[in-house]
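Asks: Give me a 3D structure for the following:
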Amino acid sequence: MKHPCAIVLLAASTISISAVVPAVTAFSNNNHRHRTTFGNGNANSNSNSNTLATRTTSNNYTKCQATNNNNDNGNDPNEAEAEAEATSTTKAGTGKGTMNPLRLAVLKLGLTELKWTSPLNYEKRIGTYSCSNCGTILFDSKGKYDSGSGWPSFWKSANDNDSDATATSAVEYKKEWDGRIECSCKTCKGHLGHAFPDGPRRIDLPEELLEGIPENDLKTSDPNNVYTRLPRYCINGASLKFQER
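Replies: Residues are numbered from 1 along each chain as shown. Now for the predicted structure:
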């Protein structure tokens, strides 16, 4: 015969187990349903994310493809700059300006380009040299010479008529703080370079060219003394454009 206390404990344990098992089962079912719902939520979220990423990628690809098509159609930035920089070299100066950084630095800020770097320093063809900003004709190959300075050099500026001693040019002059004479374009006021009194001697030049020196050119020599020197216009190549004649 079992002790009465043992019977009581056994009965209590049976009641407790009977009450706990349904509760555990319910919790397990709820937890399972919760995990199932969470899993479906992730799947839907991933699906939405993938769809959004696909659409974004597709849109970006479309934009990129459109950009490439535009470039293929001729919208090249280099071509646009070249077109914008094109000038008409007329005496009146009806050019469109320039977008070239070096030209702008010289013309607008007064920068001096490095010597021996301009192709115009070595130019030997017959033609005119115009302002690279406005297109006004400033110099002519008749007045160009090799000064050995490393910059394009001229002993006179250009005018409309070489045989007219009263003709004037489109180059203007201003004395700077250090005594140098600045040359600039009379039409657009762009900086060109400087003028010095150490140009070629009169005796070394053809007489017919000496008669066509513009009236407003610098007077550094004595017309009655063939050994006096004409001015040397030391000009930045970036400020000029050459047009073969």
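
Asks: Every contact and neighbour count from this point should use C-alpha atoms.
Replies: Noted.

Asks: show me where the chain has strands.
Replies: In the chain, the strands defined using DSSP state E lie at 127-131, 137-140, 144-145, 153-154, 171-175, 181-185, 191-196, 232-235, 240-244.

Asks: Of those strands, give the one that comes closest to Asn216.
Replies: Each of the strands of the chain has some distance to Asn216 by Cα to Cα; the shortest is strand 171-175, at 8.1 Å.

Asks: Report all helices and strands that the closest one contacts.
Replies: For strand 171-175, the elements it packs on are strand 181-185, judged by 3 or more Cα pairs under 8 Å, 6 or more residues apart in numbering; DSSP states H and E.

Asks: Now with 10 Å, please.
Replies: In terms of contacts (3 or more Cα pairs under 10 Å, 6 or more residues apart in numbering; DSSP states H and E), strand 171-175 is packed against strand 137-140, strand 181-185, strand 191-196.

Asks: In that strand, which residues are buried?
Replies: Neighbour-count burial for strand 171-175, counted by 16 or more other Cα atoms under 10 Å, picks out 171-173.

Asks: if we can go back for a sec, just send the strands of the chain back as a markdown table, with mean pLDDT too.
Replies: Below are those laid out as a markdown table (pLDDT from 0 to 100):
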| stretch | mean pLDDT |
| --- | --- |
| strand 127-131 | 97 |
| strand 137-140 | 96 |
| strand 144-145 | 96 |
| strand 153-154 | 98 |
| strand 171-175 | 95 |
| strand 181-185 | 97 |
| strand 191-196 | 98 |
| strand 232-235 | 98 |
| strand 240-244 | 97 |
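
Asks: Which one, of the ones you listed, ends up nearest to Asn100?
Replies: Among the strands of the chain, strand 240-244 comes nearest to Asn100, with 12.1 Å by Cα to Cα.

Asks: Residues contacting that closest one, please?
Replies: 87, 89, 103, 107, 120, 123, 125-133, 135-141, 152, 192 (Cα atoms under 10 Å, 6 or more residues apart in numbering).

Asks: hmm, back to that, generate TSV for the buried residues of strand 171-175, with distance to Thr112 as supplementary columns.
Replies: Shown next, in TSV, are the buried residues of strand 171-175 (distance: Cα to Cα, whole Å):
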residue	distance to Thr112
Val171	18
Glu172	18
Tyr173	17
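
Asks: Tell me the one among those residues nearest to Ile235.
Replies: Val171 (11.3 Å).

Asks: How about the closest one: which residues does it bridge to?
Replies: Val171 forms beta bridges with Cys185, as assigned by DSSP bridges.

Asks: I figured Phe196 hits Ser221, correct?
Replies: No: applying Cα atoms under 10 Å, one finds Phe196 not in contact with Ser221, separated by 11.5 Å.

Asks: quick revisit: now tabulate the strands of the chain in JSON lines and tack on distance to Lys115.
Replies: Listed next are the strands of the chain as JSON lines, based on distance: least, Cα to Cα, whole Å:
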{"stretch": "strand 127-131", "distance to Lys115": "18"}
{"stretch": "strand 137-140", "distance to Lys115": "19"}
{"stretch": "strand 144-145", "distance to Lys115": "16"}
{"stretch": "strand 153-154", "distance to Lys115": "12"}
{"stretch": "strand 171-175", "distance to Lys115": "22"}
{"stretch": "strand 181-185", "distance to Lys115": "17"}
{"stretch": "strand 191-196", "distance to Lys115": "12"}
{"stretch": "strand 232-235", "distance to Lys115": "10"}
{"stretch": "strand 240-244", "distance to Lys115": "15"}
